[in-house]
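Just to be clear, the model below is a prediction. Sequence and coordinates:
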Amino acid sequence: MKRIIATIEARMTSSRLPGKVLMDFCGKPSLQHIVERLRKSQCVSDVVVATTVNDEDDPIIELCRTIGCKYYRGSELDVLDRVLKTAQSVGGDIIVEITGDCPLVDFRHVDFLVSTLIDGNYDYASNTIIRSFPDGIDVQVFYTSV
């Protein structure tokens, strides 16, 4: 059985809205909503936050510790490497890549895309190639190795 890891890219130094991943959204930090929604998935084995080694991202680590979410710290600039190493750090075979500015991500859609990837014997499944969902509900699913 494949180990499916949802990674959430999160950092505090967004150029358009710094700190947005920890801003209050209906009584909780936005990032916490994403973690909680992904934990409802039937396919995802684990949810891990992919943040950077920068000191500015220490508050993200504090939130992860508070809500019992795993995390990995990697490069700010090489996002794909950070996401891959995040999944590998917990033995992941398949990555469900979510960005930290998608608090309304739907776990049912995640499950659909994971099933599409596996059942269709594809290397990649996403709702971002042809915009079919509103921006902010982006999901990409792919293997840690091909």
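Arrived safely.

The lowest-mean-pLDDT helix or strand in the chain: what's the following helix or strand?
Using mean pLDDT, DSSP states H and E, strand 24-25 stands out as the lowest-scoring helix or strand of the chain, at a mean of 94. Next helix or strand after strand 24-25 toward the C-terminus (DSSP states H and E): strand 28-29.

chain center to that next one, what's the gap?
16 Å (CA atoms, centre = their mean, to the nearest Å).

Sheet-wise, list the partners of that strand with their directions.
Paired neighbours of strand 28-29 in the sheet (DSSP bridges): strand 24-25 (antiparallel).

Contacts made by the strand it pairs with with the rest, please.
By CB atoms under 8 Å, 6 or more residues apart in numbering, the surrounding residues in contact with strand 24-25 are 30, 33, 103. The way it works is simple: take the backbone N, C-alpha and C, and place the C-beta from them, glycine included.

Turn those residues into TSV, columns for neighbour count, distance to residue 55 and pLDDT.
Putting these into TSV (neighbours: other CB atoms under 10 Å; distance: CB to CB, whole Å; pLDDT from 0 to 100) gives the following:
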residue	neighbour count	distance to residue 55	pLDDT
30	20	21	96
33	17	25	97
103	21	25	90
